[in-house]
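S.K.: any chance you could fold what I've pasted below:
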Amino acid sequence: YLDLGEVNKMAKVWVNGQYVGGTWTMPYRVDISSALKQGENILRIDVVNTWVNRMIGDKALPKEKRETWAGINDYQPDSPLQKSGLMGPVTLEYVPNY
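M.R.: Just a heads-up that it's a prediction; the model follows:
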């Protein structure tokens with residue numbers, strides 16, 4: 001398994017060009033065994049978050065320069081930003097198949 005540690009908010013994982021799965025809840029862990037090969041492997045992790053941080057930043061801009069729009073946006077320029085990205089730690093976890 002590839003344990004991604006902490007992810008904010010969603011992640012998709014590829015190994016050697018093969019999509020092996022995605023995760024959006026704890027534990028942020030994906031079974032990568034089907035794509036592994038002996039020797040060097042290539043790992044790709046795509047992480048996305050929500051648009052909350054963008055909305056907070058936009059509130060500090062004039063309306064004509066804002067990138068986002070929502071019917072209701074209760075965020076303010078000084079609202080706390082959300083954690084975003086792959087926080088980790090990323091580890092490989094071996095689980096024997098009995």
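
S.K.: and the closest residue to residue 46 other than its chain neighbours, what's its pLDDT?
M.R.: Spatial nearest neighbour of residue 46, excluding adjacent residues (Cβ to Cβ, 6 or more residues apart in numbering): residue 12 at 4.7 Å. The way it works is simple: take the backbone N, C-alpha and C, and place the C-beta from them, glycine included. Per-residue confidence (pLDDT) for residue 12: 98.

S.K.: again with residue 70
M.R.: At residue 70, the pLDDT value in this model is 88.

S.K.: so how far is residue 80 from it?
M.R.: To residue 80, residue 70 is 18 Å away according to Cβ to Cβ, to the nearest Å.

S.K.: ok, now residue 94?
M.R.: Relative to residue 80, and taking Cβ to Cβ, residue 94 is found at 38 Å.

S.K.: of these two, who's got more company?
M.R.: Here residue 94 and residue 80 are set side by side on neighbour count (other Cβ atoms under 10 Å), and the busier one is residue 80, at 9 against 6.
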